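Chemist: need a structure here:
(one chain, ligands or ions: 2)
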Amino acid sequence: MRIGAHISTAGGLEKGIERAQAMGAETIQIFGAPPQTWRRKAHPPQEVEAFRAQAAAADIWPVFIHAVYLVNLATSNRQNLIKSQDALIADMVLSSAIGAKGVIFHIGSHRGAGYEKVFSQIVDSVRRVLAETPDDSWLILENSAGMGDSIGRRFSELADIMKEVASPRLKVCFDTQHAFSSGYDVATTDGLAETVDEFEREVGLAHLVAIHANDSKCPLAGGVDRHENIGEGHIGRAGFEVIVAHAAFRDLPFLLEVPGFPKEGKKPEGPDKENVDRLKAIAAAVG
Ligand SMILES: [Zn+2]
Ligand SMILES: [Zn+2]
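Modeler: Ligands and ions are numbered 1, 2, ... in the order given. Alright, predicted model coming up:
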């Protein structure tokens with residue numbers, strides 16, 4: 001099991017590797033563009049090369065890109081749908097260039113239109129993204145926290161898309177906070193066993209390529225996407241002992257997307273060494 005985190009690449013892609021090393025991350029996720037806007041700047045070839053070289057030298061792998069938060073393949077706004085597809089395509093191209101595995105993204109919300117209404121639009125969008133991007137980039141669906149009308153709160157929704165698209169390049173990322181928030185009790189041995197069984201039955205563990213390891217500010221089935229530092233939330237240290245010990249997850253990269261702890265009176269700035277160390281210690285303790 002490799003343990004790492006979402007890392008800021010402010011100041012250039014290769015800056016992300018320095019930050020990853022400073023916190024002891026063995027695997028990383030980055031944004032290919034600022035997550036709250038559609039704007040993106042090109043990464044010049046020197047920057048891409050520097051990133052590849054530094055990631056290799058630092059033995060940091062696998063690398064993933066997380067798509068911008070604006071992506072919504074279930075939107076009823078035609079323009080935003082095209083922008084969403086284009087943003088995913090740009091990230092898939094970048095993923096291939098920097099030697100990353102692929103692009104993890106939130107499918108989006110139908111905002112009341114109904115899952116059945118938007119299903120074929122999602123499938124068509126995924127097909128377009130895959131068709132227009134390099135074969136060595138995976139497109140990775142993330143399970144949702146069940147907020148609003150978000151798609152992917154049940155594994156069956158992910159499975160429907162996987163089956164319809166039927167591409168070996170379409171994969172799944174499992175977020176522990178999102179699962180917990182949408183009612184899967186990943187924090188207990190029995191609850192996690194049931195969760196993994198359902199995942200295997202619906203999606204298939206063979207398609208699972210990454211874990212977002214996040215504790216939860218919201219209680220079980222609370223339906224809110226609020227991450228908490230490892231051991232500080234409703235999943236808790238005991239919950240993560242159960243999670244890292246499960247055979248289904250043992251060979252997967254664990255990526256932290258937690259708020260971080262405040263340092264020297266400064267506001268927390270996301271995943272930090274303290275959280276990486278905590279998860280590593282839990283993994284070491286359960287062997
Ligand atoms: Zn996540
Ligand atoms: Zn989340």
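Chemist: you'd agree Ser109 is up against Asp149?
Modeler: Yes - between Ser109 and Asp149 a contact is recorded at 4.7 Å, counting by Cβ atoms under 8 Å. (Glycine included, C-beta is placed from N, CA and C.)
Chemist: longest helix in this structure, by residue count?
Modeler: For the chain, the helix with the greatest residue count under DSSP state H is helix 78-98.
Chemist: quick one: mean pLDDT for that helix?
Modeler: Throughout helix 78-98, pLDDT has a mean value of 98.
Chemist: next, the buried residues of whatever helix or strand comes next after that helix.
Modeler: Later in the chain than helix 78-98, the nearest helix or strand by DSSP states H and E is strand 102-106. Buried residues in strand 102-106, defined by neighbour count with 16 or more other Cβ atoms under 10 Å: 102-106.
Chemist: what about strand 102-106, near ligand 1?
Modeler: No - Strand 102-106 stays clear of ligand 1 (Cβ under 5 Å from the ion), getting no nearer than 7.2 Å.
Chemist: elements contacting that strand?
Modeler: For strand 102-106, the helices and strands in contact under the criterion 3 or more Cβ pairs under 8 Å, 6 or more residues apart in numbering; DSSP states H and E are strand 63-66, helix 78-98, strand 138-142, strand 208-213.
Chemist: so which of the ones you listed comes closest to Pro268?
Modeler: For Pro268, the closest of the helices and strands packed on strand 102-106 is strand 208-213, at 16.8 Å, according to Cβ to Cβ.
Chemist: and the angle for that closest one with strand 102-106?
Modeler: Orientation check (axes from the mean of the first three to the mean of the last three Cα atoms, to 10 degrees): strand 208-213 against strand 102-106 gives 60 degrees.
Chemist: what does strand 208-213 rub up against?
Modeler: 3, 29, 62, 64, 101-102, 104, 138, 140, 142, 171-178, 199, 230, 240, 243, 248-249, 252-257, 279 (Cβ atoms under 8 Å, 6 or more residues apart in numbering).
Chemist: so what strands line up beside that strand?
Modeler: Strand 208-213 sits in its sheet next to strand 170-175 (parallel), strand 253-256 (parallel), going by DSSP bridges.
Chemist: out of these, nearest to Ala283?
Modeler: Evaluated with Cβ to Cβ, those place strand 253-256 nearest to Ala283, the distance being 8.0 Å.
Chemist: give me the mean pLDDT for the helix or strand just after the closest one.
Modeler: Once the chain leaves strand 253-256, the next helix or strand it forms, by DSSP H and E, is helix 273-286. Taken as a whole, helix 273-286 carries a mean pLDDT of 97.
Chemist: also stretch 102-116?
Modeler: The predicted model assigns stretch 102-116 a mean pLDDT of 95.
Chemist: how long is that stretch end to end?
Modeler: The straight-line separation of the ends of stretch 102-116 (Cα to Cα, to the nearest Å) is 27 Å.
Chemist: coming back round to it: export the buried residues of strand 102-106 as JSON lines, with columns for distance to Ala284.
Modeler: Below are these laid out as JSON lines (distance: Cβ to Cβ, whole Å):
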{"residue": "Gly102", "distance to Ala284": "29"}
{"residue": "Val103", "distance to Ala284": "31"}
{"residue": "Ile104", "distance to Ala284": "26"}
{"residue": "Phe105", "distance to Ala284": "32"}
{"residue": "His106", "distance to Ala284": "32"}
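Chemist: Arg40: which of the residues you listed is nearest?
Modeler: Distance to Arg40 across the buried residues of strand 102-106 (Cβ to Cβ) is lowest for Val103, with 13.0 Å.
Chemist: the closest residue to ligand 1 within the stretch 51-200 of the chain: neighbouring residues, count only.
Modeler: Closest approach of the stretch 51-200 of the chain to ligand 1 (Cβ to the ion) occurs at Asp175, with a separation of 3.8 Å. Neighbour count of Asp175, defined by other Cβ atoms under 10 Å: 27.
Chemist: go through the helices and strands packed on strand 102-106 and name the closest to Arg153.
Modeler: Checking these against Arg153 by Cβ to Cβ gives strand 138-142 as the closest, at 11.1 Å.
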